[in-house]
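Okay, predicted coordinates and the sequence, questions at the end:
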Amino acid sequence: MSNEYDVLIIGGGPAGLAAGLYAGRSMLKTRLFEKELIGGQASITDIIENYPGFPEGITGFELAEKMREQAQKFDVELDMNEVTSVDLIGALKKVTTPDGEYTAKAIIIASGVRPTKLDVPGAAALTGRGISYCATCDGPFFRDKRVMVIGGGNSAVEEAIYLTKFASKVTIVHRRDQLRAEKIVQDRAFKNEKVDFLLDSVLSGVSGENSVSAVTVKNVKTGEEKEVGVEGIFVFVGNIPNTELFTGALDMDEVGYVITDDALMASIPGIFAAGDVRKNNLKQVVWAAAEGALAAVSAEKFIETQG
């Protein structure tokens, strides 16, 4: 089988899958690389309520599976491998994985983001031993236990509500005096008897022998610290773009998000970026899918101009 393609897509989240769907429907020979989980972070979201077409909501896993099936219907090749290096210069771009090298006329970067890790004393040793970054993955392990959720955005508050299915008490810790989540999400948390709040607060330490047993919480206004007994910590304090492969090759902002033009082309012709990995104003599944579609259409037009 030839390893030469029209389009190579790096990342199998909503942006990558939508890009694959549009590229495949345009009869472009397309291969998509995903090193971990098809659907990306969306696939481990409990319920997605704001994706059009599903008025009752849909689990992230189900939505990701539907996207995968639709992309594969149009002959997109899925490759569950990590991309270890790229060569973006020249008419044919090159992607290398442990299984081989692949070339294409265009590459779509849809590699997404990863959670920012909790960086306080004691956290590193207890990651995976009470500290988690995925409520859907690990929530059932905390049945009838007290847990904390760190963060105040949509992800943090939605996952806190989800954790009330298992935990006896869920405390949301947020450094500001009010949450950043959408009002409808906040209202659900405020009405849930299992949820309480520590605002104007940050974690300053985690303790425990073989698992989390307590945390130290600091009030950012008064400086006062107190110890709180908990058995689980779920962290949702932001994300880091997965762009290390492209450092020094593409224009990025100070955080590492890829900068593109309106057609989603990056600073090298033939390289496109879509979804959470791109510098944009909205990190949502619907937005990522739309950008994936645009990136594929733009890639098709680029390929046509190259003859």
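Thanks, I have it.

only C-alpha atoms for contact and neighbour calcs from this point on.
Fine.

Can you tell me the centre-most residue of this structure?
Gln41 (4.1 Å; CA atoms, centre = their mean).

Just the buried positions in the helix or strand hosting Gln186, please.
Applying DSSP states H and E as the criterion places Gln186 in helix 183-191. Residues Val185, Gln186, Ala189 are the ones in helix 183-191 that count as buried (16 or more other CA atoms under 10 Å).

As a markdown table, these with distance to Leu203 and pLDDT would be great.
Shown next, in a markdown table, are the buried residues of helix 183-191 (distance: CA to CA, whole Å; pLDDT from 0 to 100):
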| residue | distance to Leu203 | pLDDT |
| --- | --- | --- |
| Val185 | 23 | 95 |
| Gln186 | 21 | 97 |
| Ala189 | 21 | 97 |
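
Just confirm the residue nearest to the centre of the chain contacts Pro14, I think it does.
No: with contacts counted by CA atoms under 8 Å, Gln41 stays clear of Pro14, the gap being 9.2 Å.

can you dump the C-alpha coordinates of the lengthiest strand in the chain into PDB?
Assignment by DSSP state E gives strand 100-109 as the longest strand of the chain. What follows is strand 100-109 as a C-alpha-only set of coordinates in PDB (Å, rounded to 0.1, in the frame of the first residue of the first chain):
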ATOM      1  CA  GLY A 100       6.500   4.200   9.100                       C
ATOM      2  CA  GLU A 101       6.600   7.400   7.100                       C
ATOM      3  CA  TYR A 102       3.700   9.000   5.200                       C
ATOM      4  CA  THR A 103       3.600  12.000   2.800                       C
ATOM      5  CA  ALA A 104       0.800  14.300   1.800                       C
ATOM      6  CA  LYS A 105       0.200  17.500  -0.100                       C
ATOM      7  CA  ALA A 106      -1.500  19.000   3.000                       C
ATOM      8  CA  ILE A 107      -1.500  18.400   6.700                       C
ATOM      9  CA  ILE A 108      -4.300  19.300   9.100                       C
ATOM     10  CA  ILE A 109      -3.200  19.700  12.800                       C
END
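
which parts of that strand are buried?
Across strand 100-109, burial judged by 16+ other CA under 10 Å covers Tyr102, Thr103, Ala104, Lys105, Ala106, Ile107, Ile108, Ile109.

and what of stretch 193-208?
Those would be 194-208, for stretch 193-208 by 16+ other CA under 10 Å.

swap in stretch 250-263?
Leu250, Asp251, Met252, Gly256, Tyr257, Val258, Ile259, Thr260.

Now do it, average pLDDT.
For stretch 250-263, mean pLDDT rounds to 96.

Leu126 contacts Ala214, correct?
No: using CA under 8 Å, Leu126 makes no contact with Ala214, being 11.3 Å away.

picking that back up, quick one: list the elements packing against the longest strand of the chain.
Contact analysis of strand 100-109 by 3 or more CA pairs under 8 Å, 6 or more residues apart in numbering; DSSP states H and E lists strand 4-10, helix 14-25, strand 93-97, strand 271-273, helix 285-305 as its packing neighbours.
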